[in-house]
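Peer 1: One predicted model, sequence on top.
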Amino acid sequence: VQLVESGGGLVQAGDSLKLTCAASGDIFTAFVMAWFRQVPGKEREFVAGIGWSGISTEYGNAVKGRFTISRDNAKNTVYLQINSLKPEDTAGYYCAATRGSFGYTDRTYYKYWGQGTQVTVSS
């Protein structure tokens with residue numbers, strides 16, 4: 001499966017963004033999807049995950065209550081709504097996919113990755 005992220009940009013603290021990940025090349029509903037983020041020099045951090053149907057979701061502790069992951073299986077797309085952005089949310093945001101069970105936050109569990117989209121939050 002190929003993944004392409006979009007929607008990043010330069011925003012101010014308190015703003016909102018909606019990131020999009022478009023998937024192609026395989027049966028989208030076979031994949032558990034997730035968003036990770038990474039700052040240069042640091043480990044790639046789990047942000048949010050979503051199961052095949054879209055009912056099951058999970059969030060990293062740093063983003064609970066502000067980020068919402070969703071998917072539209074008819075459009076082969078997964079979204080990440082980010083509200084109340086903070087400067088510490090500045091990072092490259094990566095879409096990930098894998099066949100298998102929902103509920104894993106370790107980046108090594110995910111087989112497919114997009115190229116990322118940069119989110120920069122100014123204070």
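Peer 2: Looks like it came in fine.

Peer 1: Please tell me how far the residue most central in space within the chain sits from residue 41.
Peer 2: Centroid check for the chain by C-alpha atoms, centre = their mean gives residue 35 as the closest residue, at 2.2 Å. Residue 35 sits 20 Å away from residue 41, going by C-beta to C-beta, to the nearest Å. The C-beta positions use only the backbone N, C-alpha and C, and glycine is treated the same way.

Peer 1: cool, and residue 14?
Peer 2: To residue 41, residue 14 is 26 Å away according to C-beta to C-beta.

Peer 1: out of these two, which sits in the busier spot?
Peer 2: When residue 14 and residue 41 are compared for neighbours, residue 14 comes out ahead with 11 against 5, by other C-beta atoms under 10 Å.

Peer 1: Give me the phi and psi angles of that one.
Peer 2: Per-residue torsions, residue 14: phi 90, psi -20 (degrees, to the nearest 10).

Peer 1: Without its sequence neighbours, what residue ends up closest to it?
Peer 2: Spatial nearest neighbour of residue 14, excluding adjacent residues (C-beta to C-beta, 6 or more residues apart in numbering): residue 84 at 6.1 Å.
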